[in-house]
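# Sequence and predicted structure below; questions after.
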Number of protein chains: 2
Amino acid sequence: MTTWLEPIALYTDLYELTMAQGYFKEGKSEQRATFDYFYRSPPFGGGYVVFCGLATLVEILEELRFDNDSLEFLRAQGFEDDFLERLKNFRFEAEVRAPAEGELIFPYAPALQVRGTLLEAQLVETLLLNLLNFQSLIATKAARMRQVAGDRALVDFGLRRAHGFGGLHASRAAVVGGFDATSNVLAGMHYDIPLSGTQAHAWIQSFEHEIDAFRAFAEQYGDASVLLVDTYDTLKSGVPNAITIARELRDRGQSLRAIRLDSGDLAYLARHARAMLDEAGFPEVKIAASNNLDEHVIRSLLSDQNAPIDIFGVGTQLVTAYDDPALGGVYKLATLDEKPRIKLSDSLRKMSFPGNKQVFRIRDTHGQLYADAVAIEGQTHIDRIHHPHEPHKETEVGHLDQTPLLKPVMQKGRRIAELPSAFEARAYAREQLAALPPEHRRFENPHIYKVGLSTALRDRRDQAVDQARERIRAKK
Amino acid sequence: MTTWLEPIALYTDLYELTMAQGYFKEGKSEQRATFDYFYRSPPFGGGYVVFCGLATLVEILEELRFDNDSLEFLRAQGFEDDFLERLKNFRFEAEVRAPAEGELIFPYAPALQVRGTLLEAQLVETLLLNLLNFQSLIATKAARMRQVAGDRALVDFGLRRAHGFGGLHASRAAVVGGFDATSNVLAGMHYDIPLSGTQAHAWIQSFEHEIDAFRAFAEQYGDASVLLVDTYDTLKSGVPNAITIARELRDRGQSLRAIRLDSGDLAYLARHARAMLDEAGFPEVKIAASNNLDEHVIRSLLSDQNAPIDIFGVGTQLVTAYDDPALGGVYKLATLDEKPRIKLSDSLRKMSFPGNKQVFRIRDTHGQLYADAVAIEGQTHIDRIHHPHEPHKETEVGHLDQTPLLKPVMQKGRRIAELPSAFEARAYAREQLAALPPEHRRFENPHIYKVGLSTALRDRRDQAVDQARERIRAKK
């Protein structure tokens, strides 16, 4: 079998390699560099992002190699011998600082830093963006569904609509954001996620009568049986047949676990199916629903319509992040050879913050998340934060609790501690979301969470902008 | 390195395995079955889908195995010994019928069939849907961009926003839809796609002055140099510096290939940059543009604004299919044990067409695509087609050219001929699109392409519906 993603060192944009060779030829490749990963705008019109993808990234970075196949391919692309020799010995030996997976991250505040040689920090850009952008996007989508689902079960059914091989990590990220289980067997195996699944319409159709299909399934799977009731007619055929099977299971000392609705008006069908099940004496049989669910539909079903649904199977909208399928995280050079660097732009919003930095999470006196302060590395306490793009806006934060967010995760290219599992990250995300005031969590025009610069960083940024502009004027 | 997608036989929904064990225990797993793959609604509000993903699917199906790791994992999930023994010997040995990659496919007409044992045909469902839905989606998005780009270069820059490992096949599908090159090195290596890439802002920032960064790059890459001109100020700094470098290259007998615009108003900047380049005597230096492009922006730049852009670098909108990131293709049982099967639904639109079928592509007297006829297998010529959901609508087609669309691709689980490369599929797609009347290609409310049932199939479908409904009534 072709191992599709190998050599994974080539799962990158060509220009990372073109630049790497350039740095090498210029004698700059071993200069010390810091790159920041951050995003500018939360997806889904929401107020936060759940940080995810770090475990995958670390696992790949530890093993990143240019094998002979990849070197031969690059040689055929015109890369030169001395550079290929350097790549042959390449190991990722940089430091990575980041919060734990499941942390909430906010616009413009660096969510991850790579500190190493210019060569290694540049080479990993595309892979890092690919993994963090996608997994954080899906974890965030999942968290929004968890917000409205309360403690009802959320199950990922999305693999058939996932973007090819992206489905593997979609299922993991869904758990970090708050899902309970997945239908994706490989993700279950790799990431220790409980598996869930019933039967498709094909199973029902493969029998002469629906009741025969139900009976055969229940005979094999007993207490684990979930019956799909919409193949022919949900209320006239599916639910009555499921009740018959529930009786047969009860006679054998077993219990039907659930029925599944997969089409039609879910609120209407759930209410009627619930009534039929209850009347027949099966209040313990749960109702699972699937079919184009997202956080808005789930909220409507539960809050507006009081639909008696216990288990939500979510597919397309989850694994594709349907209404906003990309997180625009970027990776910008902040420091080179110990000197702060900046990227200008016509817009202050697209400029980067120069130099090595730390981010402080600031909590209010009730322990709720209040603001993030982006500071110059070495600052230990921040008195005041400044809006990054609106010079007159500032906030006093000196009296509040402040915790650094970026902590070493890898040193010399190796993880320095075990990384949390998907379920550990899920528990952490849940804690953080509980501490995020509801006005930042709401779906409609959420209140923007404050992210500000320390006075020292603000001054450094402004000076760097002035100097760069001065240079442009001088050259004219 | 973990080989992430292995064992790929487990890259599936749990229920495929649950059902497979069920069929096995019921003694049905070796019954002959036919499943149809089709979709119901074209993405992006468009009028067609470019079929893509077959090569990946065939390659995986040929090698599909349940290795010891996967069997052990399934055992731990409660699967039983006799079934696991059957899986251990599992090989995909079915027949697959499909059009060539790059073919245009339309709603409701089966675009692929699997004919084999119920076990094998069921087991591959999720993988098949995952691969075909995604790659066809991206190929279709790419084709829409090609429609408006004329013969200008289209380059895929999307890997950093692609859905994790899904980026590999996104780059391939982009070529099938009409792209020329990719930045994705691994896709270039696996699928023989020309690579493209310049430098990032980090390269520019890593030098004291922009001109130094340009000069160092041009010294190394000569004629292949594309210079990113927006790091500090596009028209005041980037373009003048690029012109200086173009002169230096010319003095050495070389030529600057292009400049790249990556922010700001692309039409405005392209026009001014073009004028500056022309005036300086460099009409041959091309202009590349990137930054949130899609088919609508490209059309606006070229048709409405006459922007002198030669190369479009497209990222997010392409590889995520941003405005409609899922193709809802489904896989339905059509025949079991030689008998047609149907899935009912409250809506005629969600019912499947029972039995083994062929699809005829019908062309008008000018050779343009006119309609598809879905027929019962064995029919050789179709006189009349009937709208699948509106009983009174029918069209005479007996006088028109008819070609069968579904051809054997795999027999006994092996491909029966070499599959076309990505670029061969691209050429085929281009031919088909040229034969699709413009009213089906347009972006705004495209005219719906006719897909109809032969009279015989329509009658079979209606009878199957009546019989199934009769059974439901009889059981009450």
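That came in fine, so what should we check first? Numbers count the residues shown, from 1 in each chain, chains lettered A, B, ... in the order given.

# Quick check: which ranges of chain A have low pLDDT?
Across chain A, the ranges flagged by pLDDT under 70 are A:1-3, A:345-347, A:475-476.

# Is there any residue in the helix ranked longest in it that contacts chain B?
For chain A, the helix that runs over the most residues, judged by DSSP state H, is helix A:125-149. Yes. Judged by C-beta under 8 Å from any C-beta of the partner chain, helix A:125-149 and chain B are in contact via A:Glu125, A:Thr126, A:Leu129, A:Asn130, A:Leu131, A:Asn133, A:Phe134, A:Gln135. Every residue, glycine included, has its C-beta placed from N, CA and C.

# Residues contacting the following helix or strand past that helix, please?
For helix A:125-149, the following helix or strand on the C-terminal side (DSSP states H and E) is strand A:153-156. Strand A:153-156 has contacts (C-beta atoms under 8 Å, 6 or more residues apart in numbering or on different chains) with A:142, A:145-146, A:170-171, A:174-175, A:178-184, A:196, A:288, A:310-315, A:318-319.

# Off-centre distance for the very next helix or strand once past strand A:153-156?
Counting by DSSP H and E, the next helix or strand C-terminal to strand A:153-156 is helix A:167-177. With C-alpha atoms, centre = their mean, to the nearest Å as the basis, helix A:167-177 stands 7 Å off its chain's centre.

# ok, now stretch A:159-173?
12 Å.

# what's whatever helix or strand A:Ile298 lives in in contact with?
Per DSSP H and E, A:Ile298 falls inside helix A:295-299. Helix A:295-299 is contacted from outside by A:Lys141, A:Arg144, A:Met145, A:Gln147, A:Val148, A:Ala149, A:Phe312, A:Val314, A:Phe443, using C-beta under 8 Å, 6+ apart.

# and the nearest residue to the first one once chain neighbours are set aside, what does it touch?
Across the structure, with C-beta to C-beta, 6 or more residues apart in numbering or on different chains as the measure, the residue nearest A:Lys141 apart from its sequence neighbours is A:Ala321 (4.7 Å). Applying C-beta under 8 Å, 6+ apart to A:Ala321 gives the contacts A:Pro43, A:Phe44, A:Leu137, A:Ile138, A:Thr140, A:Lys141, B:Pro325.

# A:Thr117 now?
Contacts of A:Thr117 (C-beta under 8 Å, 6+ apart): A:Ser29, A:Glu30, A:Gln31, A:Arg32, A:Ala33, A:Glu93, A:Ala94.

# between those, which has the most around it?
A:Ala33 (28 neighbours; other C-beta atoms under 10 Å in any protein chain shown).

# State the distance from A:Ile204 to chain B.
Going from A:Ile204 to chain B by C-beta to the nearest C-beta, to the nearest Å gives 8 Å.

# What is the subsequent helix or strand relative to the helix or strand that residue falls within?
Here A:Ile204 sits within helix A:201-205, counting by DSSP H and E. As assigned by DSSP H and E, the chain's next helix or strand after helix A:201-205 is helix A:210-221.

# ok, which of the contacts of A:Thr117 also contact chain B?
Okay, of the contacts of A:Thr117 touching chain B (C-beta under 8 Å from any C-beta), that's A:Gln31, A:Ala33.

# Show me what from the stretch 251-400 of chain A comes close to chain B.
Counting by C-beta under 8 Å from any C-beta, the stretch 251-400 of chain A sits next to chain B at A:263-264, A:316, A:320-322, A:325-328, A:332-333, A:336, A:341-346, A:350.

# Produce a ChimeraX select command limited to the buried residues of these.
Buried members of those, defined by 16 or more other C-beta atoms under 10 Å in any protein chain shown, are picked up in ChimeraX with:
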select /A:263,264,316,320,321,322,325,326,327,328,332,333,336,341,342,343,344,345,350
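
# In contact with the most centrally placed residue in chain A: list those residues for me.
By C-alpha atoms, centre = their mean, chain A has its centre lying nearest to A:Ser136, at 2.2 Å. Contacts for A:Ser136 (C-beta under 8 Å, 6+ apart) come out as A:Tyr39, A:Val49, A:Val50, A:Phe51, A:Cys52, A:Gly53, A:Ile105, A:Ala173, A:Leu327, A:Gly329.

# let's see it at 10 Å
A:Ser136 makes contact with A:37, A:39, A:43, A:49-54, A:101, A:105, A:111, A:173, A:176-177, A:327, A:329 under the criterion C-beta atoms under 10 Å, 6 or more residues apart in numbering or on different chains.

# Ok, A:Pro43 next?
Neighbour list for A:Pro43: A:49, A:133, A:136-138, A:140-141, A:144, A:321, A:323-328 [criterion: C-beta under 10 Å, 6+ apart].

# so where do the strands sit in the stretch 1-150 of chain A?
A:32-38, A:49-50, A:95-98, A:104-105, A:112-117 (DSSP state E, counting those that start in this stretch).

# again with the stretch 301-450 of chain A
A:311-314, A:330-336, A:339-340, A:357-363, A:369-376, A:384-386, A:394-396, A:401-404, A:407-411, A:414-415, A:450-454.

# tilt between the longest one and strand A:357-363?
Relative orientation of strand A:369-376 and strand A:357-363, computed by axes from the mean of the first three to the mean of the last three C-alpha atoms, to 10 degrees: 160 degrees.

# Paired strands for strand A:369-376, with orientation please.
Strand A:369-376 has its sheet partners listed here by DSSP bridges as strand A:357-363 (antiparallel), strand A:450-454 (parallel).

# can you count the residues close to the residue lying closest to A:Thr316 once chain neighbours are set aside?
Leaving aside its sequence neighbours, A:Thr316 sits nearest to A:Arg161 (C-beta to C-beta, 6+ apart; 4.3 Å). Using other C-beta under 10 Å, A:Arg161 has 25 neighbouring residues.
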